[in-house]
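**Q** I need the structure of the sequence given here:
(one chain, ligands or ions: 2)
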Amino acid sequence: GKKFTTSSFIEGKKKNEKISMLTAYDYSTAKLLDEAGVDSLLVGDSLGMVVLGYENTLQVTVDDIIHHCKAVARGAKRALIIADMPFLSYHVSVEESVRNAGRMIQEGNAHAVKLEGGEEVVDKVRAIVRAQIPVIGHLGLTPQSVNLFGGFKVQGKSEEQAKKMIQDALLLQEAGVFAIVLECVPEALAKLITEKLSIPTIGIGAGKYCDGQVLVTQDMLGMFSDFKPRFVKQYAQLGENMKIACKQYIEEMRTMEFPDKEHTFAMDEEVLSKLY
Ligand code: KIV
Ligand code: NA
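**A** Numbers count the residues shown, from 1 in each chain. Ligands and ions are numbered 1, 2, ... in the order given. Predicted coordinates for the structure are as follows:
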């Protein structure tokens, strides 16, 4: 089908057509998700947790994202590819932020970048957009702030937090982002923010009124068992199925049921006889 672009995000909101997003970190998964028709693939820094086994996202580097983004880009034909800006890649200076965002496009083959935060990052957002790089914002539970938040918890429940989030969303829109991810935000607040913005909101743990939804693919497919956030719905139990398949393989190779004839290469009897 036709490529999904940043304009398709805006059109999606206008036409009231929900925008789908899933994370991807490798070629074959990206290909499957793209073939299934997902609108956009996020090479998220959740990579650190679900693929690299870190406790949080803070150790992920620009090079890590680029490495995986290249693989995802090779696998996707239609989906818009978004590279997550990892911790420290847009915190030091505007210059470094533009440089790192540029690398995601130039080396990683991403179409856009995503970064966390509101008012404190708008100067970076503006500079990156000026460099012709589309940007997605991310508000609510921003995992790179885990040490400041003191854990992973719902954001925006108090009047003060909610007012700041609304203000941040408007500032990001004004700075030129083409969408905003809302993570772990009460449904009613996400709905209000969605109504106030002309750009789409993409929710994760933010209720059904966002303009789109995103999930971590490993969570959605039941492949990540370290913990299960409330907002995850498992659409498959691939982890359990992988274990069953793996156990069967071990059993069959032990009993020599595998490999069978169809998996095996034969040799000419006459040639063989000369070897003995
Ligand atoms: O890194 C990630 O997967 C994300 C999504 C959860 C939005 O940022
Ligand atoms: Na992320």
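**Q** for ligand 1, what is the nearest residue in this protein?
**A** Closest residue of the chain to ligand 1, Cβ to the nearest ligand atom: Gly44 (2.4 Å). Where you see a C-beta, it was placed from the backbone N, CA and C, and this is true even at glycine.
**Q** residues touching that residue, list them.
**A** By Cβ atoms under 8 Å, 6 or more residues apart in numbering, the contact set of Gly44 is Thr23, Tyr25, Asp84, Lys114, Val216.
**Q** hang on, the fourth one packs against Leu80?
**A** No: Lys114 sits out of contact with Leu80 when judged by Cβ atoms under 8 Å, with a separation of 11.3 Å.
**Q** from the contacts of Gly44, which two are the most distant?
**A** Tyr25 and Lys114 (14.5 Å; Cβ to Cβ).
**Q** could you give the average pLDDT over stretch 239-248?
**A** Stretch 239-248 shows a mean pLDDT of 98.
**Q** show me what counts as buried in stretch 225-239.
**A** The neighbour-count check on stretch 225-239 (16 or more other Cβ atoms under 10 Å) flags Phe231, Val232, Leu238 as buried.
**Q** which residues sit in contact with Cys109?
**A** Quick fix: residue 109 is Asn, not Cys. Here Asn109 is in contact with Cys69, Lys70, Ala73, Arg74, Ile81 (criterion: Cβ under 8 Å, 6+ apart).
**Q** hang on, it in a strand?
**A** No: counting by DSSP: H, G, I helix; E, B strand; the rest coil, Asn109 is not found in a strand; it is coil.
**Q** filter the contacts of Asn109 down to the ones in strands?
**A** Secondary structure defined by DSSP state E assigns Ile81 of those to strands.
**Q** among the contacts of Asn109, which one sits closest to ligand 2?
**A** Of all those, the one with the least separation from ligand 2 (Cβ to the ion) is Cys69, at 13.0 Å.
**Q** residues in contact with the closest one?
**A** Neighbour list for Cys69: Val43, Ile81, Ala83, Met104, Gly108, Asn109, Ala110 [criterion: Cβ under 8 Å, 6+ apart].
**Q** in what helix or strand does the nearest residue to Tyr209 once chain neighbours are set aside lie?
**A** What sits nearest to Tyr209 in space, not counting adjacent residues and going by Cβ to Cβ, 6 or more residues apart in numbering, is Lys191, at 3.8 Å. Using DSSP states H and E, Lys191 sits in helix 187-196.
**Q** follow-up on the earlier one: select from the contacts of Gly44 the one having the most neighbours.
**A** Asp84 (30 neighbours; other Cβ atoms under 10 Å).
**Q** go ahead and confirm that residue touches Ala112.
**A** No: Asp84 lies out of contact with Ala112 (Cβ under 8 Å); the separation is 10.4 Å.
**Q** identify the contacts common to the two.
**A** Joint contacts of Asp84 and Ala112 (Cβ under 8 Å, 6+ apart) do not exist.
**Q** if we can go back for a sec, is ligand 1 contacted by the helix or strand following the helix holding Lys191?
**A** Next along the chain after helix 187-196, taking DSSP H and E as the criterion, comes strand 201-204. Yes: residues of strand 201-204 are located near ligand 1 by Cβ under 6 Å from any ligand atom, namely Ile204.
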